Structures are given as C-alpha cells and as structure tokens.
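*Asks:* Have a look; sequence and predicted model below, questions after that.
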Protein chains: 2
Amino acid sequence: MVRQKIEIKKIDSVTARQVTFSKRRRGLFKKAQELSTLCDADIALFVFSSTGKLYDYSSSSMVQLIQRHTQQTQKSKLGQQPLHLQPGSNSHAMLSKQLVEMTIELKQLMGEDLEVLGMDDLMKLEKVVEGGLSRVWKTKVPYFPNFLYSLIMQESELMEENARLKQPAEQKFDFAGDRVFQQGNLAESITNNGSIYCPVGDKSGSDTSLKLGYVCCILF
Amino acid sequence: MVRQKIEIKKIDSVTARQVTFSKRRRGLFKKAQELSTLCDADIALFVFSSTGKLYDYSSSSMVQLIQRHTQQTQKSKLGQQPLHLQPGSNSHAMLSKQLVEMTIELKQLMGEDLEVLGMDDLMKLEKVVEGGLSRVWKTKVPYFPNFLYSLIMQESELMEENARLKQPAEQKFDFAGDRVFQQGNLAESITNNGSIYCPVGDKSGSDTSLKLGYVCCILF
DNA sequence: TCAGCTATGTTTAGTTC
DNA sequence: TGAACTAAACATAGCTG
C-alpha cells in the first residue's frame, strides 16, 4: 500500500500509537545521541509514555544536566500550587494526580529531590520549612520547663520571672535537645515584640567559639 | 557532489559543527514535538551547545517533568514501589485514604495542626523537619558566592581563600537572605569534617547582642 | 504483541549563491 | 555568516508473518 503523509495529531488507534511510539522513540534517542557526539553537545532527554513509563537519555550525568538547566532557567512553579485537598474533584485520575503532586511536595519538605530546584525555589522552600520548624518549636513550648513557659505566655508574671532568673548565667536555659543556648541574662533578652535577643558569647571578652547547630531557635 | 555517509564522531571543523548543530537540533526538537503529539507522551529535552548555550523543549511543565523524572529514577534506584498509581490497581477508597494521610503529614511538616501531637511526636517531627532544612541549605551551597563554594568544594584553594578573608571582620559574609553571619575569622572556623564553627560576638568584649534567626546554617 | 519489510516521506551533508 | 538547493541517507507508516 502506498504510504501516506501523516498528520501530526494524536493517533487514535491505541496499538498503532504504541507501535509508533516505540519506533519514533528509538529514532529520537538515536538522533539525540548523534547530535551529542557530532557536535559535542550535552543533551538530556526524557520521555514519559502515555502509560507513565519513563525512558531517558543523557549524554553525561543526568543530575548535573538537570542542575545546569535549572540554574539557567530558574523557572518555577513551587509555591504557586496550593496543594491541599481539593474537594469535589474525586475522580480516580484526579486523586492519583494529587497524590503524586503531594508526594513531590512532601519529599521536598523532607529535603529530598531538591537538586531540581533553583535558588528561588530553594529560598521559598526554606521559608516554608523554617516556618514549620518554628511552629513545631512553638508547639513544644508548653512542654518546656515551667519557668520559660510562663515567661512567654503570661506577661503578668514577667517581672517576677525576671527576678528569679537574675542569677549566674551558666546553663540558664538549655533544652530541646541542646538546640537552644542562652548565655547571659534571659531577662534582658525579651523584646517588646515577643522575640528574644540571644546574646551569644560570654562577657569575659574571650573569643568564645561555639560549635553551633542552631544557635537561637526562639522566634515567635 | 555525491553525499557521503557520515561517521558519527565529533565534527572537526568548527563551522561545519555549528551548522550541523543548528540543523540537527531543529530536527531533534521537531521529532520530539511530533512524538509528543502523536503518542500523547510527555517529553522534556534540553541541549547545551558546546559553547554552553541552552536550548530546551518540554511538552508540558519542565519543572514537573524534571521532578517526575527525578522521582522515578530515585525510586527505581531504591527499589521502592512507584507511588505513581496505575489506574485500576488501587481502589478509590485506598487513594482517598492515602491522600488524607498524606495531607496530614504535609500539614504537620509545614507546622499546621500540631496541637494534637505530644512531645514525643513533636521531637520526631522536629528531627524530620530539621533534616529537611539542613538538606535545603546543603542544596543551596552551590548557589552561594564563589568564595564560599570553592572554600568548601576545593580544598586546594582553602589557604588562598583564607588569606583573602583575613580582613576586618564586619560583613565578611552575609548572604542568602541574611541567614548567615560570620563575625571573626572564617579561616579559623573551618573544621576538619567540613562543618563550620561560627563564632558569634566580636572580640571587643562588649555585649554584642545579635538578633538571630538562625545564626549558623552551614551544616554538611 | 513483536520483529522484519519496503515504499515512501523526511532529514540533512555538501554545496552554491 | 545564512538561506536555499539537491540528492543521498535516513526514518518510518503500513503492511506481513
């Protein structure tokens, strides 16, 4: 039979589509490889079939190429997609899609798969994670030793607390897994907006170097 | 002249290479587009010329495709079950359940709905979020100003960098959204395991109170 | 499904303008 | 440079086993 010029639109027949996909995919990868070799170019190519299967090629390290790409484009969708349960859209496909998207966000919040993100995205993500962490800390406050809890929560007790706390500085507060240090006078550190100044270093004037994880984690 | 079959190896002539690059690149992108249309596939393609210029194509959101790619490859490496759920293989109810659970986890990671958690859970959550944050920071490192990046990545340049940094301390390093402060001598702060001591406070001995977010966020 | 097989359509190397 | 041409090389649609 005479071969026809084909129109570029989605092939209706599923089997024909699969066959064409297989053939053209191979062709595409071959071309990519040839271009890379002939012209000394770095190429990354990935193809998801309509069933979700991934085929990829990269002339060198895929991760590196992705990073390079991300750095050059800085395109981002992070923060634009409100990823909360969308009521009403209950189709199986929608649920699946949401699940996948949520998985991506979940992983990023836990610090995985970050290499695809550019600086902008990382900054946004950092903000979100920091916010979360700060709220975790805040939630922990009621579990803290009483003196601090009341200090923060009950303004009326502030003066009294201060008096009690005006003592030699050492180990005045050190809780929550050694993450918070306070050397100096806590009372002097409470600001009028509720945040806490955290003077680090001692008053002896010596060069007190602390090995720090987080130095001050009290931000409300 | 009779066209010869060409050998697939780097083209010697620079001009010929550029011409071929231009022609074949267009061809490649066209093929990618056609494959995407004909077979309903998602395709991402990026090409760096030997001069470093980026050309890219993606049939849908590049970021999403990259994320999807990263997700799938990491999964196969880890040998985990793909979270990309096949239609039909999971019941609607299962999906819903997973989605709800994931939403809860997501919210908690972002610091919402924490009041139901006890101290134990909060500590666990804190660990996870801190881990994520630390990896976010780590991922940001390559974006940092060169002096710091090379300091960390290229041991051989360490001494030279140090010399440059031995200057009056003020504003010696302060980048990435004011999150990192370094007062003192950076050179003295590099430890042999790659972490950075962060002496805060100055050498005058005065009570220098810094209002701190995180003081030291460099943790490797 | 899958692997050949062509006849044709498409790409492109080498060239000219 | 770059666009346009042309014929060879290549890819592949539709078919067959």
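*Replies:* All right, it came through fine. Numbering: from 1, shown residues only, chains lettered A, B, ... in the order given.
*Asks:* Show me what from chain A comes close to DNA strand D.
*Replies:* Where chain A comes near DNA strand D, counting by CB under 7 Å from any atom of the strand, the residues are A:1, A:3-4, A:6, A:16, A:19-20, A:23-24, A:26-28, A:30-31. (Each C-beta comes from the backbone N, C-alpha and C, glycine too.)
*Asks:* just those residues that are near chain B?
*Replies:* Subset of the residues of chain A next to DNA strand D in contact with chain B: A:Ile6, A:Thr20, A:Arg24, A:Gly27, A:Leu28, A:Lys31, counting by CB under 8 Å from any CB of the partner chain.
*Asks:* Out of those residues, which comes closest to DNA strand C?
*Replies:* Using CB to the nearest atom of the strand, A:Lys31 comes nearest to DNA strand C of these, at 5.6 Å.
*Asks:* in terms of contact, does the closest one touch B:Lys30 like I think?
*Replies:* No - here A:Lys31 lies out of contact with B:Lys30, judged by CB atoms under 8 Å, at a distance of 9.9 Å.
*Asks:* and these two? which has more neighbours close in?
*Replies:* Set side by side, A:Lys31 and B:Lys30 give different neighbour counts by other CB atoms under 10 Å in any protein chain shown, the larger being at A:Lys31 (19 against 13).
*Asks:* Identify the residues contacting that one.
*Replies:* Contacts for A:Lys31 (CB atoms under 8 Å, 6 or more residues apart in numbering or on different chains) come out as B:Arg24, B:Gly27, B:Leu28, B:Lys31.
*Asks:* Out of those, which sit inside helices?
*Replies:* The helices in this structure, assigned by DSSP state H, contain B:Arg24, B:Gly27, B:Leu28, B:Lys31 from the contacts of A:Lys31.
*Asks:* who wins for neighbours among these?
*Replies:* When neighbours are counted as other CB under 10 Å, the busiest of those turns out to be B:Leu28, with 23 neighbours.
*Asks:* give me the residue from chain A nearest DNA strand D.
*Replies:* Of all residues in chain A, A:Gly27 sits closest to DNA strand D, with a separation of 2.1 Å (CB to the nearest atom of the strand).
*Asks:* Could you list the contact residues of chain A toward DNA strand C?
*Replies:* Proximity of chain A to DNA strand C is confined to A:Val2, A:Arg3, A:Gln4, A:Lys5, A:Ile6, A:Thr15, A:Gln18, A:Val19, A:Ser22, A:Lys31, A:Leu38 under the rule CB under 7 Å from any atom of the strand.
*Asks:* host element of the last one?
*Replies:* So the one you mean is A:Leu38. The secondary structure element spanning A:Leu38 is helix A:14-39 (assigned by DSSP states H and E).
*Asks:* what ranges do the strands span in chain A?
*Replies:* With DSSP state E applied, chain A shows strands at A:42-48, A:54-58, listed in chain order.
*Asks:* Using TSV, lay out the residues of chain A next to DNA strand D together with pLDDT.
*Replies:* TSV is the format used below for the residues of chain A next to DNA strand D (pLDDT from 0 to 100):
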residue	pLDDT
A:Met1	52
A:Arg3	67
A:Gln4	72
A:Ile6	81
A:Ala16	85
A:Val19	88
A:Thr20	88
A:Lys23	89
A:Arg24	90
A:Arg26	89
A:Gly27	89
A:Leu28	92
A:Lys30	89
A:Lys31	91
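*Asks:* Please identify which of the residues you listed is nearest to A:Trp137.
*Replies:* Lowest distance from A:Trp137 to the residues of chain A next to DNA strand D (CB to CB) belongs to A:Leu28, with 50.8 Å.
*Asks:* which non-adjacent residue is nearest that closest one?
*Replies:* The shortest distance from A:Leu28 to any residue that is not its chain neighbour, by CB to CB, 6 or more residues apart in numbering or on different chains, is 5.1 Å, and that residue is B:Lys31.
*Asks:* Distance-wise, check the one you found relative to B:Phe46.
*Replies:* B:Lys31 is 15 Å from B:Phe46, where distance means CB to CB, to the nearest Å.
*Asks:* Over to A:Val19?
*Replies:* Taken as CB to CB, the span from A:Val19 to B:Phe46 is 27 Å.
*Asks:* With neighbour numbers in mind, choose between the two.
*Replies:* More neighbours sit around B:Phe46 than around the other of A:Val19 and B:Phe46, counting by other CB under 10 Å; the figures are 23 against 13.
*Asks:* distance of the more buried one from A:Ser58?
*Replies:* For B:Phe46, the distance to A:Ser58 (CB to CB) stands at 9 Å.
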